[in-house]
Each structure stands twice: as structure tokens, then as C-alpha cells.
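Novice: Whatever this is, show me its structure:
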Amino acid sequence: MTASKELFNSIQCPVLVMAGELDRNAPLATVIAAYQMIPNSQLAIIANTGHVVFMENFDAVWASIHPFLSALENER
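Specialist: Presented below is the predicted three-dimensional model:
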């Protein structure tokens, strides 16, 4: 699959784009570019983590996810 600007622009639901600051599989420039192309998205970069951010720093991941999900719940 090729992720194109058209694909990212077509996303209609709220999105939390999350990545590890040190992820070699998804460099920050790539993650930020994707975030900028997705309407209604938010960005969370987890400091000092690589590709497996959930395992490396779950507390920081949850600190990003929880407010995102709470905001969605409040919109309902």
C-alpha cells in the first residue's frame, strides 16, 4: 500500500498520530508530514523512545492517549 497525500486527506475521523522520538522505522519528518496531511489530527511524540513506544514508556503513551479519548467522549 502506498500512503499518499490523497489517502491521508481523505481520513474523516479524529486521529492521534503517535511516534517515538528515536524511531528509525518512522523518522520524525515522516511522522510530522503524515500528521500535517490528516485533517482533524493531533500529534504525540514520545521522548527518548523508539518504534515500540508502548513497551518503552507506556505512562507517556497513556498520558497522550487519555486526553485524546476523553475529548472524543466529551464531543459525543
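Novice: which helix in this structure runs the most residues?
Specialist: Using DSSP state H, we find that the single longest helix of the chain is helix 58-75.
Novice: Buried residues of that one, list them for me.
Specialist: Buried residues in helix 58-75, defined by neighbour count with 16 or more other Cβ atoms under 10 Å: Ala60, Val61, Ser64. For the C-beta atoms, the positions are set from N, CA and C on the backbone; glycine is no exception.
Novice: Of those residues, which is the nearest to Ile32?
Specialist: Nearest to Ile32 among the buried residues of helix 58-75: Ser64, at 15.3 Å, using Cβ to Cβ.
Novice: Quickly note the distance from that closest one to Glu6.
Specialist: The gap separating Ser64 from Glu6 is 27 Å, by Cβ to Cβ, to the nearest Å.
Novice: Leu69 now?
Specialist: Leu69 is 28 Å from Glu6, by Cβ to Cβ.
Novice: same thing with Cys13?
Specialist: 17 Å.
Novice: Over to Pro27?
Specialist: 22 Å.
Novice: Repeat that for Glu73.
Specialist: Distance from Glu73 to Glu6, by Cβ to Cβ: 30 Å.
Novice: how about low-confidence regions in the chain?
Specialist: Applying pLDDT under 70 to the chain picks out residues 1.
Novice: so Ala19 touches Gly50, yeah?
Specialist: No. Using Cβ atoms under 8 Å, Ala19 is not in contact with Gly50, being 9.6 Å away.
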